[in-house]
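Let's see this in three dimensions:
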Amino acid sequence: MDSVQLKELLRKRNLKATHTRLSLLNKMHAYGSAMSHSVIQKQMQPIDRVTLYRTIESLHEKGIIHKAFQENNETFYAICGSSCNTQAHKHDHAHFKCLKCNTVSCQELDETLKISLPNYEINKVSIHIEGICDLCH
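Below you'll find the model as predicted:
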């Protein structure tokens, strides 16, 4: 995504294209996989901790980024696809964590999973897979 596309995405979600938001989205796009909060903090330096938290939360609430993985008090974030919006995050993919290089990536599924529970309303299904990625294998 270039800066024009990022600005348009923010505009469509009723967010101002601030320097911090654009910088974060550019860094996430360039990173190539989900970024941990600690890596985001390092790459966004110098930035106030509260400003970074609010930026991440606003992008998450507007369906621009999603929480891809959580482990040991560390959250990994990834840029959403076009199916997410302010009402819901809709992801038809799994989150894969490599046990060697510790990267977290969104992986498309070969087949769509259909999950139903009698007398329950399902709002979200999250699939976390751990193993060895193709680069480390």
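
make it CA atoms for all contacts and neighbour counts henceforth
OK.

Let me know the helix or strand that S38 is in.
helix 37-43 (DSSP states H and E).

what bits of this structure have low per-residue confidence?
Residues of the chain that meet the criterion pLDDT under 70 lie in 81-92.

mind listing the helices for it?
Taking DSSP state H, the helices of the chain run over residues 3-12, 19-31, 37-43, 49-61.

So which of those is nearest E108?
helix 19-31 (17.4 Å; CA to CA).

one step back: any chance of the helices of the chain in JSON lines with distance to G131 as columns?
Below are the helices of the chain laid out as JSON lines (distance: least, CA to CA, whole Å):
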{"stretch": "helix 3-12", "distance to G131": "32"}
{"stretch": "helix 19-31", "distance to G131": "20"}
{"stretch": "helix 37-43", "distance to G131": "21"}
{"stretch": "helix 49-61", "distance to G131": "27"}
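
Run through the residues that contact F69.
Counting by CA atoms under 8 Å, 6 or more residues apart in numbering, F69 makes contact with 75-77, 95, 104, 128.
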